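**Student:** Whatever this is, show me its structure:
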Amino acid sequence: VRLLLLAALCGEHLLLLGPPGTAKSELSRRLNALVGGTYFERLLTRFSVPEELFGPLSMRGLENDEYVRQTDGYLPTAEVAFIDEIFKA
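**Tutor:** As a prediction, this is how the structure comes out:
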């Protein structure tokens with residue numbers, strides 16, 4: 001809990017490792033409730049694709065020869081993010 005608060009105060013990332021059921025996801029949800037920012041949560045599998053994390057490509061952008069992602073509501077715009085099972089993806 002101390003490292004979670006320290007990382008939040010410093011604006012840094014934190015990697016939580018632990019067995020299932022040790023409240024890693026609950027800690028991230030409570031941190032978001034405390035901070036009040038945008039929250040992003042995703043469970044990764046071996047079939048996960050980048051669009052799940054970074055948002056879909058903009059079709060309008062592709063028509064104009066631009067590589068643009070629609071990132072609203074996805075990882076790039078989140079203040080607090082919890083990505084579960086990252087090593088299984």
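**Student:** how far away is the most centrally placed residue in the chain from residue 17?
**Tutor:** Residue closest to the average C-alpha location in the chain (CA atoms, centre = their mean): residue 81, at 3.3 Å. Distance of residue 81 to residue 17, given as CB to CB, to the nearest Å: 16 Å. Heads up, the C-betas are built off the backbone N, CA and C, glycines and all.
**Student:** How about residue 82?
**Tutor:** 13 Å.
**Student:** Looking at the two, which one has more neighbours?
**Tutor:** The neighbour comparison of residue 82 against residue 17 (other CB atoms under 10 Å) goes to residue 82, with 20 against 8.
**Student:** So that one sits against residue 40, correct?
**Tutor:** Yes - counting by CB atoms under 8 Å, residue 82 does reach residue 40; the two are 7.4 Å apart.
**Student:** all strands in this protein, in order from the N-terminus.
**Tutor:** Applying DSSP state E to the chain gives strands spanning 39-43, 80-84.
**Student:** Tell me what angle the helix or strand of the chain with the lowest mean pLDDT forms with strand 80-84.
**Tutor:** In the chain, no helix or strand scores lower on mean pLDDT, DSSP states H and E than helix 2-10, which sits at a mean of 89. In terms of direction (axes from the mean of the first three to the mean of the last three CA atoms, to 10 degrees), helix 2-10 departs from strand 80-84 by 140 degrees.
**Student:** Does anything pack onto helix 2-10? Which helices or strands?
**Tutor:** helix 24-35 (3 or more CB pairs under 8 Å, 6 or more residues apart in numbering; DSSP states H and E).
**Student:** can you state the direction angle for the helix it packs on and strand 80-84?
**Tutor:** Between the axes of helix 24-35 and strand 80-84, defined by the same axes, to 10 degrees, the angle is 170 degrees.
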